[in-house]
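Q: After the sequence you'll find the predicted model.
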Amino acid sequence: MYPLLLVRYGELSLKGRNRKTFEDLLITNIRAALGDLPHGRITKTFGRIYVETKDNWEELAARLQQVFGIVSLSPVVRRGLDLEEIKEGASLVVQDTPGQTFKVETRRACKDFPLSSPELSRTLGGHLLKSFPHLKVDVHNPDFIVKVEVRSEGAFIYSKVIPCLGGLPAGSSGKGLLLLSGGIDSPVAGFLSMKRGVDVEGIHFHSYPFTSQQSKEKVVELARILASYNARGRFRLWIAYFTEIQKALHKGSYPSLSVTLMRRFMLRIAARLAQREGALALITGDSLGQVASQTMESIHTINAVTSLPVFRPLIGLDKQEIVEIAVRIGTYETSILPYEDCCTVFVPKNPATKPSLRQVERAEGELDVEGLIAEALEKTELVELYPGKAF
Ligand code: ATP
Ligand code: MG
């Protein structure tokens, strides 16, 4: 019954000269997200996008709710600029809307229509009261609002407004490399970066045989879930070989520094890969103070190995807030599967919470840092993930 989906996008309209590029990218992403689902034309007019449906608006809307850049959606009835047609369209919308009280709001962009906005709202209100005896008007706190937009290309009538993800279109902000563990946090950090348009690739450090094949597959599954939100609907995951580094750190004489040293290796390797692959920032799931490696002192000492910007989108979030996002985006259930991560296998009893640069540099003096990095990079493999498809 709804032949059109109205797609609203907010922030894009602020982008001045870039606006057209952003809109075109959003439309490309919408097309890709709808993919195999039947739909009609996708058109852009005056700061909004319309998608013609094939009587399947709910199915289309569910896909579009995963597309960054869309603020909200409304299934819409479109009628000619004729009062009787608009009345009939408004009745259709009301039939499909639960609630006892309502009001009508009209916006008239096309001044050729003979009735003013308040006149049209009143006329339609009267018509709906007559047609639906159970309804009452409540202008202050109605159960639903019948919205009517009168434009030169027709009258658009709707009541539902479905909130969407917001953000910027996937792929509008350049490439970033996410350090993706099997935990709850890093997939959420990836999602929030994608929300701001970053084309996210992932790097996972795997320490087989100290960590199992299943722990790797869990990360692959997380990457697959993230793919549906990412640029071009795919996620490139680099699986880095971390076993020799773990062994070297385990043998070292500074157990309380091993997590700090491990993170410094991770950042160094990620930074090299980022440079090679044209990523301009690294992304981690750190949240300030969450664990010993995420105190200010630890972050400062770990961060010192790279001059690339390191995005930490979760820095100000509590665990519970992170969990809520993980549940919403569909990564939580996979993240809590019980397979061990390289950090859990080698965690020391008393990790340093205030590791200084001098201490870690002294410890690294005992290691073949360059050789270990080169070996890890050389044995790094790429997996490309697409939503719903096995790799
Ligand atoms: P959680 O805290 O939910 O266990 P996490 O992913 O945040 O999961 P932490 O131990 O807190 O795990 O690690 C902090 C950050 O370091 C992660 O968010 C991630 O960005 C990075 N990281 C940790 N382990 C790995 C790994 N094996 N591969 C890639 N990145 C990792
Ligand atoms: Mg964490």
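A: That came through fine. Ligands and ions are numbered 1, 2, ... in the order given.

Q: got a list of what the residue in the stretch 1-150 of the chain that ligand 1 sits nearest to touches?
A: Closest residue of the stretch 1-150 of the chain to ligand 1, CB to the nearest ligand atom: residue 68 (20.7 Å). The way it works is simple: take the backbone N, C-alpha and C, and place the C-beta from them, glycine included. Neighbour list for residue 68: 29, 165, 166, 167, 168, 169, 170, 194, 195, 197, 229 [criterion: CB atoms under 8 Å, 6 or more residues apart in numbering].

Q: From these, pick the one nearest residue 371.
A: Checking these against residue 371 by CB to CB gives residue 194 as the nearest, at 34.8 Å.

Q: wait, what's in contact with the closest one?
A: Residue 194 touches 68, 167, 170, 200, 226, 229, 230, 231, counting by CB under 8 Å, 6+ apart.

Q: Could you check how far it is from ligand 1?
A: Here residue 194 is placed at a distance of 15 Å from ligand 1 (CB to the nearest ligand atom, to the nearest Å).

Q: after the host helix or strand of that residue, next one along is what?
A: Element membership for residue 194, per DSSP states H and E: helix 185-195. Later in the chain than helix 185-195, the nearest helix or strand by DSSP H and E is strand 199-206.

Q: Check which residues of the helix or strand following that following strand are buried.
A: With elements assigned by DSSP H and E, the helix or strand that comes after strand 199-206 is helix 213-227. Residues of helix 213-227 classed as buried: 215, 216, 218, 219, 220, 221, 222, 223, 224, 225, 226, 227 (neighbour count, 16 or more other CB atoms under 10 Å).

Q: same thing with stretch 230-240?
A: For stretch 230-240, the neighbour count (16+ other CB under 10 Å) marks 230, 231, 233, 234, 235, 236, 237, 238, 239, 240 as buried.

Q: quick one: which of those residues is nearest residue 317?
A: Closest to residue 317, out of all of the buried residues of stretch 230-240 and judged by CB to CB, is residue 230, at 20.9 Å.

Q: my read: the closest one touches residue 169, true?
A: No. With contact defined as CB atoms under 8 Å, residue 230 does not count as touching residue 169 (11.4 Å).

Q: What parts of the chain come near ligand 1?
A: 179-181, 183-186, 204-205, 266, 284-286, 291, 341-343 (CB under 6 Å from any ligand atom).

Q: what about 8 Å?
A: 178-187, 189, 202-207, 219, 240, 242, 263, 266, 270, 283-287, 290-291, 293-294, 314, 319, 322, 335, 341-344 (CB under 8 Å from any ligand atom).

Q: buried subset of those residues?
A: Among those, those classed as buried by 16+ other CB under 10 Å are 178-187, 189, 202-207, 219, 240, 242, 263, 266, 270, 283-287, 290, 293-294, 314, 322, 335, 341-343.

Q: What's the per-residue pLDDT of the residue in the stretch 151-300 of the chain positioned nearest to ligand 1 here?
A: Taking CB to the nearest ligand atom, ligand 1 has its nearest neighbour within the stretch 151-300 of the chain at residue 183, 1.9 Å off. On pLDDT, residue 183 comes in at 95.

Q: Same question for residue 15.
A: In this prediction, residue 15 carries a pLDDT score of 60.

Q: again, but for residue 42
A: Residue 42 is assigned 96 on the pLDDT scale.

Q: Report how many residues lie close to the closest residue to it other than its chain neighbours.
A: Leaving out its chain neighbours, the residue that sits closest to residue 42 by CB to CB, 6 or more residues apart in numbering is residue 51, at 5.2 Å. By the criterion of other CB atoms under 10 Å, residue 51 has 23 neighbours.

Q: Likewise for the one 4 residues further on?
A: As a burial measure, the neighbour count of residue 55 was computed by other CB under 10 Å and equals 10.
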